[in-house]
Every structure is written in structure tokens, then in C-alpha cells.
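Participant: Everything below, folded, please.
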Amino acid sequence: METKQTISRVGAKPLLHTLVLALGLGAAGPALPQAAADLNAGRAKVEANCAACHGANGVSVADNIPNLAGQRGPYLENQLRALKSGARRNAVMGAVAAQLSAQDISDVAAYFASLPGASGTAKTALPAAIAMSQVTIPPDHRASMVMYQTVNRPDINQVRYLYANEVALRAAREGRDLPNGSHLVLEQHAARLGPDGKPVMGSDGYFVADRLIAYAVMERQAGWGKDIPANLRNEDWQYGVYTPARQLRSGVNHSECLACHKPLDRESYTFSIKALTEVAKRR
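Facilitator: Numbering: from 1, shown residues only. The predicted structure follows:
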């Protein structure tokens, strides 16, 4: 899993990402004339494209995701058009909106608007295929994998180290898509802070690590994507977050990871493919 970086050893984006799904204010200009909205078509699109986060009934799966049931249709249309065009930027929603036609947007907005509003405490259960993760973290990943990138994150006072297994390295070296069996691990560390409250810089130009916060893992094996909705599926990649004690965190909404990586189908769904390839070719 990856996000926007600021300083990188080899200049590519890292794995773990932090995403906000809330629909904020913004506009995409006046609506263009089109066919009347179809509620049945809207429901089908919502079930296929939106339910993993916002729920098929417009009641979201998490506190940081808004309920859309009963929201004003024109407002939703404006937001979706802005996300689709790039006028409004959000990694997850932009990837989802890009897959919707103008008519789909009208249908989806009308369907959500037709639903009764939900209470602020109501939640929809996270779909099993989205909540479940089969990814693993090798007990000796520092010895069995190759560290191929270091990234400073001054915006959140972190330093991150990325590792790849031999399967991924071999494919990158040969210029092939990363195949089943590929395994990438990111260590996420809090940076040591100096008296001025800023990260301490090491002699190599990277922050000095203070403590491990989490591991983020992406792995692909045959058949792992079969139960994931098509609009989110990253072939057979799955994602997971592990605690410093190497315990898989449960209840993580992996649709955020899947949607963020979805547009990277030509880069093996991996932000750091350039970094990985450069290191692999030097080995």
C-alpha cells in the first residue's frame, strides 16, 4: 500500500497510504443535459461500485465515510463529476468516479437521494471480501527480502523502508508485470525528533527512525482477487496492515487500498515499481 511521498531514495512513491473518503464541498460546474435518472440502474451501480464503503443502502461502513442516503442529488452529481474530471482530487473516490459515465453519475446520485436518511450512528457491516486479508509478513523479512527504497515523510514525521521478495525483484529486473507470489513489505517508523520538534536527519539524508509504528503489506497469489468487486479488484493483489507485534489488524477497509492502486494496472498496481526496477537491475 502506498501514498504520496516527499523525499525518496530512488524517487518513487511508497506503499502505505492514509486516505480520507468524506465528500467535501466543491463544484464541477453546471450539469449537462442527459437522460432522466434511472433508479434501478443507480441501485445496480451503487451495489457494484459504492457499497464497499458507502453501503448499498447509503449507510457507510465507517465513521470517516459519509452516509449518502437522503443526500441531495444535484450535490452528489457535482461532487462525482468533479472527482471524475480531476477538479476535485481524492485518490480513492477519483479512481471510482473515473469508472462512471455521465449517466451512471446521474443514476447513482438519484438513487442515493431517493433513500431515507440514516442516523449518524448507523453503520453497514464491511463486506467480507473487503475486510478479509490473506497477506502474510515473513518472520525474517529483513533477511529474506531486499530493501529497495527509503522515504522521508516530513508531513507526518515518519521514515519508511520498503522491501521486496525475490519473485518481485526477478520480474522487475526482466521488465515483466509482478506475478503471483510477489510480496512487498513497508516498515513505517516514527522519526526521532530533535529539541526543535523536527525530525533528526541522518548522515545519509534520511530521518533517523525512533520506533516502529506498523507494517503495510501487499501480496498477490492465485485466486486472491476472485471475490473482490470488479471495480476495486487489483487482479490477485491483496493488502494488509500489521501491528509492530506482527499481528494482522482486523476490520481494515481494504477498499481504500484497492481503489487507490486500481489506476496503476500498467505498473503492476504498485506505486514504487520504478524504484523496485532500478534496484533489481543493479543486483
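
Participant: hang on, residue 266 in a helix?
Facilitator: Yes - according to DSSP: H, G, I helix; E, B strand; the rest coil, residue 266 belongs to a helix.

Participant: ok, now how distant is it from residue 57?
Facilitator: For residue 266, the distance to residue 57 equals 35 Å [Cβ to Cβ, to the nearest Å]. Glycine gets a C-beta too; all of them are placed from N, C-alpha and C.

Participant: Looking at these two, which is more packed in?
Facilitator: Shown here are residue 266 and residue 57; by other Cβ atoms under 10 Å, residue 57 has more neighbours (19 against 8).

Participant: so that one makes contact with residue 115?
Facilitator: Yes - with contact defined as Cβ atoms under 8 Å, residue 57 reaches residue 115; the gap is 6.2 Å.

Participant: Spit out the residues that contact the two alike.
Facilitator: Applying Cβ atoms under 8 Å, 6 or more residues apart in numbering, one finds that residue 57 and residue 115 are jointly contacted by residue 69.

Participant: so where's the stretch 101-250 of the chain uncertain?
Facilitator: 120 (pLDDT under 70).

Participant: Please enumerate the strands of it.
Facilitator: Secondary structure of the stretch 101-250 of the chain by DSSP state E, counting those that start in this stretch: the strands cover 146-153, 158-164, 183-191, 209-220, 237-242.

Participant: ranking the ones you listed by burial, who's on top?
Facilitator: Among these, strand 158-164 has the highest mean neighbour count (mean count of other Cβ atoms under 10 Å), at a mean of 24.

Participant: same for that strand, what does it pack against?
Facilitator: Strand 158-164 is packed against strand 146-153, strand 183-191, helix 273-282, with contacts defined by 3 or more Cβ pairs under 8 Å, 6 or more residues apart in numbering; DSSP states H and E.

Participant: That strand to strand 209-220, inter-axis angle?
Facilitator: Inter-element angle recorded for strand 158-164 and strand 209-220: 40 degrees (by axes from the mean of the first three to the mean of the last three Cα atoms, to 10 degrees).

Participant: quick one: strand 158-164 to chain centroid distance?
Facilitator: 17 Å (Cα atoms, centre = their mean, to the nearest Å).

Participant: So what are the sheet partners of that strand and their directions?
Facilitator: Applying DSSP bridges, strand 158-164 is found paired with strand 146-153 (antiparallel), strand 183-191 (antiparallel).

Participant: Output that strand in PDB, but only the C-alpha positions, please.
Facilitator: Only the C-alpha atoms of strand 158-164 are listed here, as PDB (Å, rounded to 0.1, in the frame of the first residue of the first chain):
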ATOM      1  CA  GLN A 158       8.000   9.400   9.600                       C
ATOM      2  CA  VAL A 159      10.600   7.500   7.700                       C
ATOM      3  CA  ARG A 160       9.700   4.300   5.800                       C
ATOM      4  CA  TYR A 161      11.600   1.300   4.400                       C
ATOM      5  CA  LEU A 162      10.300  -0.800   1.600                       C
ATOM      6  CA  TYR A 163      11.200  -4.400   0.900                       C
ATOM      7  CA  ALA A 164      10.600  -6.900  -1.900                       C
END
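
Participant: Let's check: the centremost residue of this protein is which one?
Facilitator: residue 257 (2.4 Å; Cα atoms, centre = their mean).

Participant: any chance of the helices and strands packed on strand 158-164 in JSON lines, plus distance to residue 124?
Facilitator: Converted to JSON lines, these look like this (distance: least, Cβ to Cβ, whole Å):
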{"stretch": "strand 146-153", "distance to residue 124": "32"}
{"stretch": "strand 183-191", "distance to residue 124": "29"}
{"stretch": "helix 273-282", "distance to residue 124": "34"}
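
Participant: How about residue 184: what's its closest non-neighbour residue?
Facilitator: The spatially closest residue to residue 184, leaving aside those adjacent along the chain, is residue 218, at 4.9 Å (Cβ to Cβ, 6 or more residues apart in numbering).

Participant: for the one you found, what are its contacts?
Facilitator: Contacts for residue 218 (Cβ under 8 Å, 6+ apart) come out as 1, 15, 135, 183-184, 237-240, 257, 261, 269-270.
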